[in-house]
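Colleague: Kindly generate the corresponding structure for this input.
(2 chains)
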Amino acid sequence: MKKLIVGSVLLVSSSAALAVAPGGPDCGWGNMLFEGQSGLGPHFVATTTNGTSGNKTFGMTSGTNGCSTDGALTYGGTSLVSNMMDEFSEDVARGHGDALNAVAASMGVEKADRELFAKVAHDNFNVIFPSENVTAREVTAALNALMKADSRLAKYAV
Amino acid sequence: MNVFKRIQNANSQFSGFLFLVLMSGVTSATPPDARRVDVLQHLQQQAQQIRLWQHQEWLNLLHYDKDSGSPSGYTSAVDDARFFNATDGAISPEAELRATLSALYRRDVSGNDHAQCRFVARLHWLKKQLLFDAATLPDVHCPDYAEWYAMVKAQRATLIFPTYHLNSPSSMFGHTLLRLDHSTSIEDSSWLSFAVNFGANTNAEDNSLFYAFKGLTGGYPGIFIVAPYFKKIQEYNRIEKRDIWEYQLNLSPEEVDRMVTHLWELKEINFDYYFFDENCSYRLLELLEVARPGIELTDEFGVTAIPIDTVKAIERVGMIESRRFRPARVTELSALMKTLSSTEQRLMQQLAADPSVFERADFAALNDERKARIIDAAYRYQRYQQGGEVRSDEQARNSHRLLALLNRYPGNIMPPPVVEPTPPELGHHSRRASVSMGERNNEGFTEVAMRMAFHSLEDNERGFLRGAQINMANVQLRVADSGDVRLQQLDAIDIVSLTPRTRFFQPMSWKVYTGFERQITDGKDRLTAHVTAGWGASYSLARNGLLYTLATGRLEHNRGLPGGGIEPALGVDSGLLWHFGKSTTRLELSGERFLNDYYRTRVRYSQNFVMARNHGINFSADYNHNRDDQYSQFSLAYRYYF
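Modeller: All right, here's what the predicted structure looks like:
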């Protein structure tokens, strides 16, 4: 399980580095953009060839674009949350969904506890997402605080 | 000699034992360095004896294609010296195998750069094919590979097919990628799985137009990219508004492992990239051939590899276990809208624009189930509208408020009732041959036609996008009753994209059409060259009808036109398309007026009957009127899709 956690964080950290501006850990929920959303032109160009530009990626960062994976590790689930914050907020509001499950998996929450994790998050939407300016870093911190306060989820908190 | 022959034919422990005895006999009397040289020499001899480089698995691992221009008869599709150990490795499977064996035994290189770390799949395969004592290999540690392998941790593989996307040249035929899943349990989180995608490795400095052109003509090398699957969901489901089909493959963990180790060999390695044949889908077939030795997937795709055809090929070899539909965000939103009454739709729009509508008496009067549904739709609709832009502070605040409102109704939020469409692999085949008989102005004719790809508006719509037509390389030859044979029509490209506009979605409809066609002009039947494009709108009529109108522009080369050269024209193309299940009606009215005042108008009626998945009958009637002539035509065709 531990390996998977580290793996997920690693792989996400590389994509966070690629997303640069939009998905940063200190970028507000309301200001998020997705890759490819910067207008019709660049998007057309990117899809013309099913291609990728600039940063080659192989799921890891070694050698290609010089981004560090070590730094990202200290965020815990922050880089993952910042990469799917929009979907995550929606899933928390609903109480279920793929993004919620992915965040739980990346935090090492075992399957038996996922439902509880989803419920705790759902019941505390206003705590996790207090305003439209909330950042991924704050979301992760709130999430960890909630987990610490729960007897069954406390073991997953960092 | 005989000993080696026997070793080749038998995997029995006996021959292995014999070989070890032989080896130990050779090695015991010599110093260590010379022993290594001997071991390597013996391996080379073994490989030589059984001509190991001719094995299909070796050819697959090195991506060799048959090439009569190469001295060995093979050239690799990989265009990157880093992938080969021999200087002539790209054109010589034999030299590459010999050089690979030598490289595996090198002691002057260590760590990540050693051949043992870089060519893991080759090493695994050679170990199985040749009887060598692994202990004789230099002891090499591969930290990068170990880290990557532990991270990917793949046990299962899923083929992913994002559906047709007409607004993008490389995606109009769809696209395929592979997903590597961590565990056997799908619920674990496929979002965190890795997606393996083959695409052009483009140069960001090129400007857009040049980039598009270069991409389509194969000017960029292709490369494998590994990225988290949720990035792909965001890209396809959300931004490009494409539904995704996921096909779980029945590859064993061992087979997946073979593919993953080979994928590592392809890290940052450049391939020749060709859009039509050796494209994303073709390369994935090659990966699957590596995964499961003995299957043949690529042979039939020498000329073109249309993504959905490759899905069908993978299904034919029995690799697909199950199928899952992942609707695009917009598909979910459309389904949700249909569950709202007209009044509720209006409320939804008001709420999306201003969440304080929630406090209003008419909203408060609704029950919780309706409230939840309307808030859900409003949130989705608002996010859809914000699509590709940065949100203003007010928009962000409104979105946040809607989510907070949604959060108040747990248990009342129903998933959007999306109706799963017919899976694309069940659609008719991509190529079409037709034979028809008809009459034009009381003169009979017979016609044969061939279309390389892909789907016409009136073809059997099962498995295709309604309102989307992509025809490429369509040729029609006509034999008149008088015995004359002539080219009647040659369409290079004939694409029509008709997406209906609704109260909530306002997409544009368009068409692009270019090639050669016959026009009776100035009393003579003439072959003309043309480029035609149209831009407009379409609307749904009831459930199965589509009405469209496009403003068109045309450039035509026609010697019969006054002036006799290339003439521009403006026109209109309107039509009605009606699907009756097993039959489709298309009625079209169009016309154009040239700059020199010459004009034409046409009425065309076409009725298509689906006989079976890949068989159809088509009846059509045309009436044409132009400045000097008028003529009519009837035709009855049998169409076979293959």
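
Colleague: Strands along the stretch 201-350 of chain B, start to end?
Modeller: B:222-228, B:244-249, B:320-326 (DSSP state E, counting those that start in this stretch).

Colleague: Lowest average confidence across those, which one?
Modeller: Note on the strands of the stretch 201-350 of chain B: strand B:222-228 shows the lowest mean pLDDT, a mean of 86.

Colleague: rewinding a little: could I get the strands of the stretch 201-350 of chain B in TSV, plus columns for mean neighbour count?
Modeller: Where you see a C-beta, it was placed from the backbone N, CA and C, and this is true even at glycine. Below are the strands of the stretch 201-350 of chain B laid out as TSV (neighbours: other CB atoms under 10 Å in any protein chain shown):
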stretch	mean neighbour count
strand B:222-228	24
strand B:244-249	20
strand B:320-326	15
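
Colleague: all helices for the stretch 51-200 of chain B, in order.
Modeller: For the stretch 51-200 of chain B, applying DSSP state H, counting those that start in this stretch gives helices covering B:56-61, B:93-104, B:115-118, B:120-129, B:143-152.

Colleague: mind checking which of the strands of the stretch 201-350 of chain B is nearest residue B:279?
Modeller: strand B:222-228 (7.8 Å; CB to CB).

Colleague: That closest one and chain A in contact?
Modeller: Yes. If you take CB under 8 Å from any CB of the partner chain as the test, strand B:222-228 does meet chain A, through B:223-228.

Colleague: Now flag whichever of the residues you listed is closest to chain A.
Modeller: For those, the residue nearest chain A by CB to the nearest CB is residue B:226; the value is 3.7 Å.

Colleague: Return the distance of the closest one relative to residue B:260.
Modeller: 10 Å (CB to CB, to the nearest Å).

Colleague: and for the two, which residues touch both?
Modeller: residue B:152 (CB atoms under 8 Å, 6 or more residues apart in numbering or on different chains).

Colleague: just to revisit the earlier point, which among the strands of the stretch 201-350 of chain B is found nearest to residue B:590?
Modeller: Using CB to CB, the strands of the stretch 201-350 of chain B put strand B:244-249 closest to residue B:590, at 35.2 Å.

Colleague: The closest one versus strand B:320-326: what angle between them?
Modeller: Interaxial angle, strand B:244-249 versus strand B:320-326 (axes from the mean of the first three to the mean of the last three CA atoms, to 10 degrees): 160 degrees.

Colleague: Residue B:616 is in what secondary structure piece?
Modeller: strand B:615-626 (DSSP states H and E).

Colleague: so how far is that strand from its chain's centroid?
Modeller: Relative to its parent chain, strand B:615-626 has a centroid offset of 32 Å by CA atoms, centre = their mean, to the nearest Å.

Colleague: what pairs with the closest residue to residue B:513 other than its chain neighbours across the strands?
Modeller: Excluding the flanking residues, the one nearest residue B:513 by CB to CB, 6 or more residues apart in numbering or on different chains is residue B:532, at 4.4 Å. Beta bridges link residue B:532 to residue B:513, residue B:554, judged by DSSP bridges.

Colleague: Alright, that wraps it up for me.
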